[in-house]
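In: How does the following fold in three dimensions:
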Amino acid sequence: MPKKPRPPIDVERLRHDIVFRDTLLGHELEFHTTWGLFSPKAIDEGTRLLLDHLEVRDDERALDLGCGYGPLGLAIARAAPHGSCLMVDKDFVAVEYANANARRNHLGNASAMLSDGLRHVPPQTFTLAVTNLPAKTSKEHYYLFFHDIHDRLVSGGRFYVVVISGLRQFIARAFEEVFGNHTKIKQGRQYTVAMAERRE
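Out: Reported below is the predicted structural model:
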């Protein structure tokens with residue numbers, strides 16, 4: 001019996017934004033995304049695990065490294081009405097969507113900029129930094145991120161990461177080397193959340 005022909009792909013529909021809403025850190029947010037950005041149809045498991053174990057003060061000066069379309073940074077900005085969140089990404093499409101999502105959710109205390117790590121971020125300090133670390137990059141790249149974030153945190157500033165659990169031991173070693181401390185916040189089946197603090 002011949003196979004039924006597959007219906008043609010609706011390319012014009014694929015060009016439209018993907019739109020969804022979700023509740024993060026207790027606040028509902030609306031996100032517009034597109035194909036090619038990380039986890040465009042829903043909040044990914046790693047990001048959700050990090051947010052479930054993240055402490056945000058209402059006056060944080062926060063940094064979201066590798067922000068994508070903005071779920072971490074915008075959730076933090078909403079939870080810190082007397083603070084701010086700078087989101088950075090090396091993908092200009094991600095930056096455009098993160099800024100548009102900040103406007104869409106009326107978050108004047110959140111903005112995104114194009115930067116390779118922190119290389120292009122103007123001099124400023126942060127009380128909180130977060131990142132959903134990409135699994136497919138080099139350990140040398142991670143060390144650049146970690147040293148740059150350490151240098152930008154105030155004393156007492158916290159750095160939270162979520163990584164695939166296979167990298168948790170590397171993160172523990174690297175945090176001890178760079179920050180002199182490491183706390184495993186939560187180890188899930190696939191992802192682990194860890195935190196380091198700048199103490200000098």
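In: Sketch out the low-pLDDT regions of this structure for me.
Out: In the predicted model, the chain carries pLDDT under 70 at residues 1-2, 11.
In: Show me where the chain has its strands.
Out: 18-24, 27-33, 61-65, 84-89, 110-114, 126-132, 153-164, 183-187, 191-197 (DSSP state E).
In: tell me which residues in the longest one are buried?
Out: The neighbour-count criterion (16 or more other C-beta atoms under 10 Å) identifies 153, 157-163 as the buried residues of strand 153-164. The C-beta positions use only the backbone N, C-alpha and C, and glycine is treated the same way.
In: Which single one of those is nearest to residue 12?
Out: In terms of C-beta to C-beta, no member of the buried residues of strand 153-164 lies closer to residue 12 than residue 162, at 35.5 Å.
In: what are the bridge partners for the closest one, then?
Out: Following DSSP bridges, residue 162 is listed with bridge partners residue 132, residue 193.
In: List the contacts of it.
Out: 46-47, 49-50, 131-133, 191-193 (C-beta atoms under 8 Å, 6 or more residues apart in numbering).
In: So among the residues you listed, which ones count as buried?
Out: When neighbours are counted using 16+ other C-beta under 10 Å, the contacts of residue 162 contain these buried positions: 46-47, 49-50, 131-133, 191-193.
In: Using CSV, please lay out the buried residues of strand 153-164 together with distance to residue 112.
Out: Output for those, formatted as CSV (distance: C-beta to C-beta, whole Å):
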residue, distance to residue 112
153, 20
157, 20
158, 21
159, 19
160, 19
161, 19
162, 19
163, 22
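In: which of the buried ones among the contacts of residue 162 lies closest to residue 169?
Out: Residue 169 lies nearest to residue 192 out of the buried ones among the contacts of residue 162, by C-beta to C-beta, at 9.6 Å.
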